[in-house]
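Asks: my questions concern the predicted model and sequence given below.
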Amino acid sequence: MSWLQEQKKAAKRDENIVGDRLTPETLQRIGGIPQFPPLAAGFRPDGAWTHSYRIFACHGNVDGGNETVGRLRLERKPATAGRFQLLADQSIVHNDDTLHTLRATLTCENKAAAPLVEWTLSSRCENAEGQPLPEASCDESGRVSGGSVELRRKGGLARYAASGLVTSDWALFAALQQMPFSPSAMPPFDLLEGLSLWRPAHRIAYRGTYPWKGGGVEGPLHWFQQWGRGTLPYEYWLDSNHRLLVVTTLSRAYILDGRAEELLRERRESRLRRNRQRSQRKKNV
């Protein structure tokens with residue numbers, strides 16, 4: 001191969017590399033945002049709502065390898081006595097075709113950062129053939145009281161001293177929808193990632209508007225950034241109705257999508273058929 005051919009091949013390869021952090025524009029370019037669902041009638045961020053997010057993984061190339069790997073369903077119950085309940089249901093198909101499902105019920109204070117009061121969490125796994133893995137499953141619960149966080153799992157108790165407010169990644173999905181689109185800052189907080197992993201000293205800031213047209217939404221999006229110890233930065237994009245459309249961190253994105261459940265089911269069923277056929281061929285050898 002000549003030097004010129006080598007250069008052309010390298011240039012073409014570079015053009016196929018994403019080369020940017022994940023933003024709504026980047027996701028649109030690599031096929032991650034076909035269409036957002038229409039705004040539900042009477043939607044209010046502080047009311048009752050249900051959002052389903054498609055969990056999308058980018059593997060670095062523009063035209064291949066990017067895929068839906070799971071879904072997150074959040075249901076917010078109306079606030080009473082200064083608190084609201086959030087139901088979270090998340091499933092992810094991992095690279096080895098293990099299905100990991102988390103289901104949680106959170107009670108949060110109805111104020112900035114949606115501070116946690118108490119919660120329960122169920123973690124379940126299925127192998128590549130769809131059979132349950134009891135050894136990889138567990139139930140947890142927790143509460144925040146008097147500046148102390150208690151986590152109970154498998155008969156053990158872990159305690160953490162909170163430096164301020166305590167919230168979780170799922171609770172923030174709800175809390176951001178009630179944040180004003182202005183520089184007024186959310187107070188610092190400690191984060192329980194997946195309601196299990198302690199991540200202290202986090203902050204969220206409003207970064208302004210983000211030009212946007214696509215996916216059935218026109219007009220600028222509103223952009224927030226989160227950073228702190230123990231996690232990669234998160235970025236959030238909301239529409240003018242305070243509806244959270246996109247959340248990104250490193251190579252993963254949560255994209256509001258009415259077909260999230262269907263797409264995960266199709267992926268899982270396809271993988272199960274393939275793995276069962278593979279197992280059957282090995283038995284017949």
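Replies: On my side now, so go ahead.
Asks: need the helix or strand of this structure with the lowest average pLDDT.
Replies: None of the helices or strands of the chain scores lower by mean pLDDT, DSSP states H and E than helix 3-15, at a mean of 47.
Asks: after that one comes which helix or strand?
Replies: Going down the chain from helix 3-15, the next helix or strand is helix 24-29, by DSSP states H and E.
Asks: buried residues in that next one, which are they?
Replies: Pro24, Thr26, Leu27, Gln28 (16 or more other Cβ atoms under 10 Å). In short, each C-beta sits where N, CA and C put it, glycine included.
Asks: is it true that the first one touches Pro220?
Replies: No: using Cβ atoms under 8 Å, Pro24 makes no contact with Pro220, being 10.7 Å away.
Asks: strands of the stretch 51-200 of the chain, start to end?
Replies: All strands of the stretch 51-200 of the chain, identified by DSSP state E, counting those that start in this stretch, fall at 67-76, 83-93, 99-109, 116-126, 138-145, 148-153, 156-161, 165-168, 189-193, 197-210.
Asks: quick one: strands adjacent to the last one?
Replies: Looking back up the chat, that one is strand 197-210. Strand 197-210 sits in its sheet next to strand 189-193 (antiparallel), strand 221-228 (antiparallel), going by DSSP bridges.
Asks: the longest one: which residues count as buried?
Replies: Residues Leu221, His222, Trp223, Phe224, Gln226, Gly228 are the ones in strand 221-228 that count as buried (16+ other Cβ under 10 Å).
Asks: ok, what's across the strand from the second one?
Replies: Per DSSP bridges, residues listed as beta-bridge partners of His222: Thr209, Leu238.
Asks: what residues does it make contact with?
Replies: Phe181, Tyr206, Gly208, Thr209, Tyr210, Trp237, Leu238, Asp239, Ser240 (Cβ atoms under 8 Å, 6 or more residues apart in numbering).
Asks: so for it, what's the pLDDT?
Replies: On the pLDDT scale, His222 is placed at 97.
Asks: distance of it relative to Glu235?
Replies: 11 Å (Cβ to Cβ, to the nearest Å).
Asks: for Gly194, same thing?
Replies: As judged by Cβ to Cβ, Gly194 and Glu235 stand 19 Å apart.
Asks: higher neighbour count, the two?
Replies: Set Gly194 next to Glu235 and count neighbours by other Cβ atoms under 10 Å: Glu235 wins out with 20 against 16.
Asks: tabulate the CA atom coordinates of the host helix or strand of that one in PDB.
Replies: Element membership for Glu235 (DSSP H and E) is strand 234-238. Output in PDB follows, covering the C-alpha atoms of strand 234-238 (Å, rounded to 0.1, in the frame of the first residue of the first chain):
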ATOM      1  CA  TYR A 234     -22.600  13.800  34.600                       C
ATOM      2  CA  GLU A 235     -24.400  16.200  32.200                       C
ATOM      3  CA  TYR A 236     -28.200  16.800  32.000                       C
ATOM      4  CA  TRP A 237     -30.300  18.300  29.200                       C
ATOM      5  CA  LEU A 238     -33.900  19.400  29.800                       C
END
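Asks: what helices or strands is it leaning on?
Replies: In terms of contacts (3 or more Cβ pairs under 8 Å, 6 or more residues apart in numbering; DSSP states H and E), strand 234-238 is packed against strand 221-228, strand 244-249.
Asks: off-centre distance for the first one?
Replies: Meaning strand 221-228. In this view, strand 221-228 has its centroid 14 Å away from the chain centroid, taken as Cα atoms, centre = their mean, to the nearest Å.
Asks: using CSV, list the CA coordinates for it.
Replies: Extracted in CSV, the C-alpha atoms of strand 221-228 (Å, rounded to 0.1, in the frame of the first residue of the first chain):
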residue,chain,number,x,y,z
LEU,A,221,-32.2,22.8,25.8
HIS,A,222,-31.1,23.7,29.3
TRP,A,223,-27.8,22.2,30.4
PHE,A,224,-26.6,21.2,33.9
GLN,A,225,-23.3,19.6,35.0
GLN,A,226,-22.5,17.5,38.0
TRP,A,227,-19.1,16.6,39.5
GLY,A,228,-17.7,15.1,42.7
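Asks: report the angle between that strand and strand 234-238.
Replies: 160 degrees (axes from the mean of the first three to the mean of the last three Cα atoms, to 10 degrees).
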